[in-house]
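pasting the structure only:
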Ligand SMILES: CC(C)(COP(=O)(O)OP(=O)(O)OC[C@H]1O[C@@H](n2cnc3c(N)ncnc32)[C@H](O)[C@@H]1OP(=O)(O)O)[C@@H](O)C(=O)NCCC(=O)NCCS
């Protein structure tokens, strides 16, 4: 595993960290405290038939990326963004242009399609997968193996294929992180993200 000791913007990266098989390509911003485990690939060309690849990859501070995870570069200038204090478990896939907030837990084998928005404090169970352009709201819990094809509201708990709500995850998450807003305020933020998303 390597740990980033200072914020660094690596321009035109194209290197292999020989000891660990870590591969980093393109323009990648790695914040202080990021931990990268063996065989992680960050910033390779987007898996998209239009292969424009201008976007950066940004990883926020203290985020951990476990083995064999793949994070693709964006197709647009806005890039692929991952927030701070996220924990991304082994074998996950985060496609081009996806935006992930802070304190998000991504369990092993999660597949996130392009242009998704995963808001802060959400928790994605093992092997869940997300249709491109899907939004997951703040503090939501997605069950293992869920196939998410519709937006998941803030603090919702969803399971199954196609994923459906089985209740609220709100009390637990709001208490754990002492979140400041009401549910309604989170819904408003979520709606503004959704309407921008397909513009
Ligand atoms: C989604 C989850 C949090 C629900 O937990 P819970 O609130 O305790 O829910 P329950 O176990 O009481 O189950 C409620 C119902 O949902 C169903 N259910 C729970 N998880 C499910 C899942 N992943 N897929 C399909 N159905 C599920 C249960 O069978 C139950 O159905 P029933 O009411 O018809 O009997 C949990 O099951 C889960 O998937 N956690 C993620 C585990 C994981 O990925 N861990 C990572 C380890 S590294």
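Good, I have the coordinates. Every value quoted in this text rests on a predicted model; they were computed, and no experiment measured them.

Looks to me like residue 154 is in a helix.
No - counting by DSSP: H, G, I helix; E, B strand; the rest coil, one finds residue 154 to be coil, located in no helix.

Now do stretch 159-170: everything it contacts.
With contact meaning C-beta atoms under 8 Å, 6 or more residues apart in numbering, stretch 159-170 is reached by 123, 128, 139-143, 145-150, 152-158, 183. In short, each C-beta sits where N, CA and C put it, glycine included.

Looking at those, which are in helices?
Secondary structure assignment by DSSP state H places residue 183 of those in helices.

which of the contacts of stretch 159-170 come close to the ligand?
141, 143, 145, 157 (C-beta under 6 Å from any ligand atom).

between these, which is closest to the ligand?
residue 143 (3.0 Å; C-beta to the nearest ligand atom).

tell me the pLDDT at the closest one?
pLDDT for residue 143: 98.

give me the number of residues near the spatially closest residue to it that is not a sequence neighbour?
Once flanking residues are discounted, residue 143 sits nearest to residue 159: 3.4 Å by C-beta to C-beta, 6 or more residues apart in numbering. Residue 159 is flanked by 17 other residues according to other C-beta atoms under 10 Å.

for residue 184, same thing?
Residue 184 has 8 neighbours, counted by other C-beta under 10 Å.

Could you do residue 47 as well?
For residue 47, the tally of surrounding residues (other C-beta under 10 Å) stands at 14.

Flag the shaky bits of the chain, pLDDT-wise.
Along the chain, the parts satisfying pLDDT under 70 run over 16-18, 51-52, 195-199.

can you pull the contacts of the residue nearest the centre of it?
What sits nearest the mean C-alpha location of the chain, by C-alpha atoms, centre = their mean, is residue 100, with 3.8 Å. When contacts are counted by C-beta under 8 Å, 6+ apart, residue 100 touches 81, 82, 83, 86, 94, 106, 112, 118.

just the buried members of the contacts of stretch 159-170?
Buried by 16 or more other C-beta atoms under 10 Å: 123, 128, 139-143, 146-148, 152-158, 183, out of those.

in this protein, which spans are helices?
For the chain, applying DSSP H gives helices covering 170-177, 183-197.
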